[in-house]
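Student: Requesting a structural model of the entry that follows:
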Amino acid sequence: AVVSKSGLAQGITLSLSFAWRPLVVWCLLTWLWPTFAHCWRPLLLWRLISYAYVFCVSFLQGDYYYEYTECDSRGSRWRVAIPHEPGACTGLPEPVRGTECTFSCKAGEFLEMSAQECTQCAAGSYSLGSGIRFDQWDAMPAGFSSLATLLENGPHGEDRLTCNSSSWVPQGNYLESNRDECTVSLIYAVHLKKQGSVSFEYQYPDNNLLFEFFIQNDQCQEMDQSADTKWLKLTNHGEWATHTVNLKSGTNILYWRTGGVLMGSKVVKPVLLKNVQIEGVAYTSECFPCKSGSFSRVPGSSTCEPCPRDTYSNHGASSCTPCNSTEGSGACKKRPPCSKKDYFQIHTACDHEGKTQVIYKWIEPKICLEGVTGAETLPPGGEREPCPPCNPGFYNNDTAICSPCPPGTYSDGMKPCQQCPAGTEPTLGYEYKWWNILPSNMKTSCFNVGNSKCDSMNGWEVAGDHIQSGAGSSDNDYLILNIHVPGFKLPTSVSSHSATEFGRITFEFETSCVADCELYFMMDVNRKSTMVVESWGRTKTRQTYTHIMTKNASVSYTWAFQRTNQPSDTRQYVNDVARIYSISVSNAVDGVSSGCRVCALSTQPSSSTCVPCPPGHYIDALTSQCSECPRNTYLVPHAAPSADACKPCGPGSRSDKDHSLCYSDCHFTHTDGNATLTFDFSLLGSVGTLMNGPSFTSKGTKYFHQFNISLCGGQLAVCTDNVTDLSVSDAQREKGEGPSAVKTFICQSTIIPASGRGFHTALSSQSINLADTFLGATVDDNLDGIRVTPEMFLLSVFWLLRSLEVTSSCQSGRSAVVTLRCNPEKSTKGDLSVPSQCPAGTCNGCTFNFLWESSGACPTCTERDYHQIEGVCKGGHQDLLYVWTEPKLCMGGVALPEKKTLPCEGMEFWVRLGAGVGAFTAVLLVSLTCYFWKKNKRLEYKYSRLVMSANKECEMPVADSCAVMEGENEGDMEDEVVYTKPSLLGKLKAIASKGNGDNYENVQLNSSHSKALVWS
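Tutor: Just a heads-up that it's a prediction; the model follows:
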């Protein structure tokens, strides 16, 4: 019983994996315990050891794999067995000599390691021989791993955002990257026996997501790679691009790394990856099964073929099973009854009678059933109608086909082509406003990243007076319309050296949606990288959009319409549609002409040959000659030939020599009353830079906004994108020659620091133009509709600029105000800042405000800015000093005059002179006082005599004798008359006695005989 049970146990363990061994041991002990219960303990221990040995040895036969060692100097190697769980058991097979290092298997074969022979792959599988291919992504293939990096701390030190849920996700036919701000790396390690390569297909439609591919060796050292192989270029929506990089022999660790930059609520479009193929492995130890929808009929296949239409196959199939399905189907689904969502209408091309009609067609491949209950039938076609006229620049010549007019001729689309009159030239371009057939330089397609059902469909359909989005196979299809312009040709009279506009594209469109549809307008310059110019979401009324081309290059313009970005296999929003009514492109080199424009003629008499005008010249309508624009004016593109084509520059600005733009020469003058202030801003430098931030996204990613501002001197600021334009040289980037470089007066870039994101350098992306037109410099609060906020007024000069580039949020374009404020405490370069209430530089996204405080922004110093100080007189000399008036609010200009020394008289001289003059004045005053006192006495006497004479009628005593007695002096005989001026009280008494007639003055006579004699 023991033997039979142990034999059975040994057979069972052969089919169990090593992970289940503890459970198996427990089960065996439980099952065999009744047998061992009656045995002695030594016997029990011996039996357990023997069973464990048999169990381990038997299990090792299915729990190891073979691998080759490194080749030695003689080109030989050994085959060794390696357990899946190192150190778990012993008894592995002994190493044996392996095949030669140069050995390899052919395509369709794999190396069977037990026999060390190449064996054909079975039917239903394939092999590349010396390569590995990954084209099935139902699950993450063996060897691939996805590693997420934690984000750095937020602005307030909060916990880091966990990225455990961020990874590359298998989606059947492709891998999809993360959509958040985590940095996620897809890693695969491969050991090459010889030099090889890796190639893969990818979609990278959104520059808000950073995408790089690099390689490391087994020492984690990054392999040498050029920038154009490390940073992947953007792709069109729905376009798969192929990327190939050479690999060295030895260990190569491949990294596909992504990281999002989310600064809004807009959803980031992920990176898609498929068809990863690695060459140089010398052999493969297994074959790959065919993916669903494909098969390999015979053994030894190197590829799998897609199942034909009306068949399907499962994973690893050697044949396809009949079924009503599309080509390459991996499942058989029941065909539903046909509905209105299964057909669409189109306009037929004009027939020989010039007629067209609306007809209906089933969506191909047709997967619905007709003739069943509830099924819709295909509607009959509409009535035949006259075809629309030809587009301008084309003619039909009484046929059903519109042909372009020959060079040098023009047509409005309804009349025959005519020669342009003398002195004129054709206006080249495209003007499509009638849509009977798709123009020859346009193409349309349909694309879905998850399936290929709509690959053969038209993305857009013509509809007479407009072209509209097609039906598609599902709601998340990209419906693509493309027009290619090989280059631009300016009119003969316009100089290409001074042109700021080489061409423009204008289109009129509308969208009508129930779901979250979106219409993208993109451009690809010189087939280097595709960038989204503008996008519109949901329903938009009929409107016009214009984009200006500022360089002469080959460009492709693309419109991509998607009804919803949610994965879908059905068509629920069939009525969601985008319509384009007209598309016009000016100055296209291969364009046609709808009219003629006046050109400049040669100065030779009776000449009708058009000649180019020098830069900054316009065509005089009277003489048809080139005339230069007046000073400080600029030439407006597409203006009528006249002097009005030259527009004056704004205040404080001047035009360049080509009259192509206005700029500041760093000088500004302002007159206020009798005072004139002169500013010289050249000390501030021609271009200023402001790094604003840091700011943080909703998930904690740190970023900065960098503003480059061209102040004066004519040198423009440049912002570049070093993520999608790393293939551009540094010299080209500094000149703004990259396809995504922005060269203008004020531009903005988003800077993501290298720390915390896993990238090796700081990243610059999303460069935008904020201002490309200099309106002028002023001290007023309003210029050309741009107002300055009141808090900016403080000895400031305002630089006002504007960008005419219209965006969905700024219908009138963006504007910018740079306030130059005098601050003597700052350096001459000064400091740039933004308003505190708008830390991003703008509060509404359209008007930007900058404050540049600097001592170099102060006015130029004049004689009014200093005053004179006189020193004391010492030793007959006096100093005159000149000092600045505080606070000093000026820079440069006039300098302080040198100190002056003048002769002067000392203080002692003036003291002596003053004392002499004072003494003389005192003596003079005393003398005059005495003189006038004496004279006053005499006048008193005369007055008294006069009073006495006036009162003769009064009774007076008779004198005894009139003679002078002997011994009496005449002087003694004189009576002394004393006149007393009435006092205030006496005057009052006199007034009171007026009624009695008593109104006399009292006079006292002094004599030797009588003491006093008084009349009253």
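Student: Who are the contact partners of L147?
Tutor: 184-185, 187 (Cβ atoms under 8 Å, 6 or more residues apart in numbering). C-beta here means a position set from N, CA and C on the backbone, and glycine is covered the same way.
Student: Kindly report the same for Y634.
Tutor: 646-647, 649, 655, 659-662.
Student: Among the contacts of L147, which are located in strands?
Tutor: Among the contacts of L147, the members falling in strands are 184-185, 187 (criterion: DSSP state E).
Student: Quick check: buried residues in stretch 408-427?
Tutor: Judged by neighbour count (16 or more other Cβ atoms under 10 Å), stretch 408-427 contains these buried residues: 409-413, 417, 420, 423-427.
Student: I'd like the contacts of L147 written out as CSV, with distance to L272 added.
Tutor: As requested, those are exported to CSV (distance: Cβ to Cβ, whole Å):
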residue, distance to L272
V184, 14
S185, 16
I187, 18
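Student: most surrounded residue in those residues?
Tutor: Scoring the contacts of L147 on neighbours with other Cβ atoms under 10 Å, the highest-scoring entry is V184 at 22 neighbours.
Student: show me what contacts that residue?
Tutor: 146-149, 163, 166-168, 177-178, 257-259.
Student: can you tell me how far it sits from E201?
Tutor: When distances are taken as Cβ to Cβ, to the nearest Å, V184 and E201 turn out to be 19 Å apart.
Student: For C27, give me the pLDDT.
Tutor: What the model reports as pLDDT for C27 is 36.
Student: cool, P155 as well?
Tutor: Note on P155: pLDDT of 46.
Student: Select from the contacts of Y634 every entry located in strands.
Tutor: 646-647, 655, 662.
Student: Can you tell me which of these comes closest to S285?
Tutor: C662 (71.3 Å; Cβ to Cβ).
Student: ok, back up a step: nearest to V598, out of the ones in strands among the contacts of L147: which one, please.
Tutor: V184 (60.1 Å).
Student: Pull up the gap between that closest one and D465, please.
Tutor: 48 Å.
Student: from the chain's centre, how far out does the lengthiest helix in the chain sit?
Tutor: If you go by DSSP state H, the chain has its longest helix at helix 907-950. In terms of Cα atoms, centre = their mean, to the nearest Å, the centre of helix 907-950 is found 97 Å from the chain centre.
Student: So which elements touch the helix or strand hosting F561?
Tutor: Taking DSSP states H and E as the criterion, F561 maps to strand 555-562. Judged by 3 or more Cβ pairs under 8 Å, 6 or more residues apart in numbering; DSSP states H and E, strand 555-562 is in contact with strand 478-485, strand 518-525, strand 577-586.
Student: again, only using 10 Å
Tutor: strand 442-447, strand 467-469, strand 478-485, strand 503-512, strand 518-525, strand 529-537, strand 540-549, strand 577-586 (3 or more Cβ pairs under 10 Å, 6 or more residues apart in numbering; DSSP states H and E).
Student: Can you give me the buried ones in the fourth one?
Tutor: Residues of strand 503-512 classed as buried under the neighbour-count rule (16+ other Cβ under 10 Å) are 503-505, 507-511.
Student: Same list, the residues you listed, but as CSV with distance to V687 and pLDDT please.
Tutor: Below are the buried residues of strand 503-512 laid out as CSV (distance: Cβ to Cβ, whole Å; pLDDT from 0 to 100):
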residue, distance to V687, pLDDT
G503, 29, 90
R504, 28, 91
I505, 31, 93
F507, 35, 95
E508, 39, 95
F509, 38, 95
E510, 42, 95
T511, 41, 95
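Student: Surely K233 is in contact with T242?
Tutor: No - using Cβ atoms under 10 Å, K233 is not in contact with T242; the gap is 11.3 Å.
Student: what is in contact with the two at once?
Tutor: Y202 (Cβ atoms under 10 Å, 6 or more residues apart in numbering).
Student: Look at the two and report which has more neighbours.
Tutor: K233 (21 against 9).
Student: Got phi/psi on that one?
Tutor: Note on K233: backbone dihedrals following degrees, to the nearest 10 are phi -80, psi 150.
Student: Show the contacting residues for V533.
Tutor: Counting by Cβ under 10 Å, 6+ apart, V533 has contacts 505, 520-523, 545, 547, 557-558, 805, 807.
Student: I'd like to know the predicted local confidence at G875, please.
Tutor: Looking at G875, the pLDDT reads 74.
Student: Kindly apply the preceding question to S749 instead.
Tutor: 88.
Student: what lines up beside the host helix or strand of it in the sheet?
Tutor: Element membership for S749, per DSSP H and E: strand 746-752. Sheet pairing here is set by DSSP bridges, and for strand 746-752 it gives strand 702-710 (antiparallel), strand 763-771 (antiparallel).
Student: now the strands for the stretch 201-350 of the chain?
Tutor: Assigned by DSSP state E, counting those that start in this stretch, the stretch 201-350 of the chain shows strands spanning 209-216, 241-247, 250-260, 272-279, 288-289, 294-295, 305-306, 311-312, 321-322, 343-347.
Student: can you give me how far the third one is from the chain middle?
Tutor: Which is strand 250-260. The answer for strand 250-260 is 28 Å, by Cα atoms, centre = their mean.
Student: what's the model's confidence in it, averaged?
Tutor: The model assigns strand 250-260 a mean pLDDT of 86.
Student: on that earlier part again, can you list the strands of the stretch 201-350 of the chain in TSV and add distance to A81?
Tutor: Shown next, in TSV, are the strands of the stretch 201-350 of the chain (distance: least, Cβ to Cβ, whole Å):
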stretch	distance to A81
strand 209-216	29
strand 241-247	28
strand 250-260	22
strand 272-279	26
strand 288-289	24
strand 294-295	35
strand 305-306	37
strand 311-312	41
strand 321-322	41
strand 343-347	63
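Student: between the ones you listed, which gets nearest to I583?
Tutor: When the strands of the stretch 201-350 of the chain are compared by Cβ to Cβ, strand 343-347 sits nearest I583, at 17.3 Å.
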